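Novice: Coordinates for the following, if possible.
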Amino acid sequence: MTYEEALQYLDSFINYEKADSYNYRSLLKLERMKRLAALLGDPQRAAPAVHVAGTKGKGSTAAYIYSILKAANFKVGLYTSPHLMSFHERIRVNDCFISEEEIARILNKIKNVIEPLMKDDRPSFFEVCTILACLYFKEKNIDFAVYEVGLGGRLDATNIIEPLVCAITPLSYEHTDKLGNTLEEIAAEKCGIIKRGSFCVSAPQEKEASKVIEDTCRTRHSKLIFIGKDINFEEIRSNDKEEIFSVSGIYGKYSPLNSKLIGSHQMVNAAVAIGVIEALISRGITIPVDTIKSGIEDAKWEGRLEIVNRKPYLVLDGAQNKASAHVLAGAIKKIFKYKKLILVLGVSKDKDIKGILEELLPICDSLILTKSKVSTRALEPAKIKEFIDVVKHNVKDITLTSNVEDSLNKALLIAGQDDLILATGSLFVVGEAKESLKEIPLCSS
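Specialist: The predicted structure follows:
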């Protein structure tokens, strides 16, 4: 296959990342993923792995772990989803994305194996992507692989791995139609990645989620490390360029830590990552202490409080639920100084739109509603507008646009040099914003 043919082949599988709704518990089958992996030689067993689940911050946490292991001179693979602009972003080894040729070649191998044997039970888009990553990592003979869960944990395609350590980032209400209507139910799905006899590192959680995590670790004889109890962190200072903080771990205190991923919430993500690293150390893996500091400093993760322009500020963030929007609003107010905030918002149909608006409307002066052009789950701007009356927030300056590029052009047209434009509500919106900014002249001084 050529690269274009490979992408067409990938698109022939059902993509639940873009689907409006589906029966999560009946359509996602871990046994099918295990069978697919077995047909291809169980490539997920080729390298020691770290597994990251959660509601908020799992991508950033995975990026920190990946960066620290690279700093320790390991060859590390990172698998994340979704991508912002290019499919290549999902699969990388030591900052080199998988190439077009490698995608086509490995997908051709997958096709030749699965087509004759899985006609009656075809895998999903994400399942094929996951086995593609596993095969690529095996080919590259990596030392470690870091996998970010796609959805939930228990039934997720990545759950075929047997990690040395798993991590659970902050949990909140998300995908309630699939994962459950209570924090206990959601936590139980996330805890599906905790393996018997392994390590689990958890961010601070609500009481209901904490109990599920503790009970699961106890039942599965998994060593639990809790941030806020076993590992602590303290902010030193923060601004629009860096977050500086300290972490007191099991093996010592790491201070000062300087992160280019800004916002107080990144301290939690970094502390979870350090907990994972210390768990690996306790398993006999040599990771020099100084690489923790350099790994935190070198970590990169796009689309999370990402500043792409400064006069005016243009900030991109993938917050897509009430809890993430709450964290985002707090970070914006704490970190940035601006006269007027112009909110560019596009959301998916299955999200807590009311909750997102409740958190973000109080900080905005002008609202521009938009929608992703690639996601079939994108909610029409007019439908988002209907929720504004529900949350009883009096926003007078509201503009509706048909696409993200148009919304950014309108925002830049009305923004003064001392204003802030915040584009958020969906990673699809963030990705399309980054793509459109290639065509929009900006002043980044």
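Novice: Determine the number of other residues adjacent to the closest residue to residue 127 other than its chain neighbours.
Specialist: Closest residue to residue 127 apart from its sequence neighbours, by Cβ to Cβ, 6 or more residues apart in numbering: residue 157 at 4.4 Å. To be clear about C-beta, it is placed using only N, CA and C from the backbone, and glycine gets the same treatment. Residue 157 has 30 neighbours, counted by other Cβ atoms under 10 Å.
Novice: Check residue 142 too.
Specialist: 22.
Novice: Would you confirm that it belongs to a strand?
Specialist: No. Per DSSP: H, G, I helix; E, B strand; the rest coil, residue 142 lies outside any strand segment and is coil.
Novice: and this protein, what are its domains?
Specialist: Domain assignment for the chain by automatic domain parsing gives 3-298, 306-436.
Novice: sorry, back to before: what's the residue nearest to residue 127 in contact with, if anything?
Specialist: Shown in contact with residue 157 (Cβ atoms under 8 Å, 6 or more residues apart in numbering): 28, 30, 33, 124, 126-127, 129-131, 150.
Novice: Surely residue 395 forms part of a helix?
Specialist: No. Counting by three-state DSSP, residue 395 is not part of a helix but coil.
Novice: Now for it, how many residues are close by?
Specialist: For residue 395, using other Cβ under 10 Å, the count is 16.
Novice: what do you get for residue 318?
Specialist: 24.
Novice: coming back round to it: got CSV for the domains of the chain, with mean pLDDT too?
Specialist: Compiled in CSV, these are given as follows (pLDDT from 0 to 100):
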stretch, mean pLDDT
domain 3-298, 94
domain 306-436, 93
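Novice: Geometric centre of this protein: which residue is closest?
Specialist: residue 59 (3.3 Å; Cα atoms, centre = their mean).
Novice: Quick check: of the contacts of residue 157, which lies closest to residue 46?
Specialist: The shortest approach to residue 46 among the contacts of residue 157 belongs to residue 131, at 12.3 Å (Cβ to Cβ).
Novice: so that closest one makes contact with residue 40?
Specialist: Yes. In terms of Cβ atoms under 8 Å, residue 131 counts as a neighbour of residue 40; the distance is 6.1 Å.
Novice: Between the two, which is the more surrounded one?
Specialist: Remark: of residue 131 and residue 40, residue 131 carries more neighbours, 25 against 19, as counted by other Cβ under 10 Å.
Novice: Distance check, that one against residue 79.
Specialist: Taking Cβ to Cβ, to the nearest Å as the criterion, residue 131 is separated from residue 79 by 11 Å.
Novice: before we move on, what about residue 61?
Specialist: Going from residue 61 to residue 79 by Cβ to Cβ gives 14 Å.
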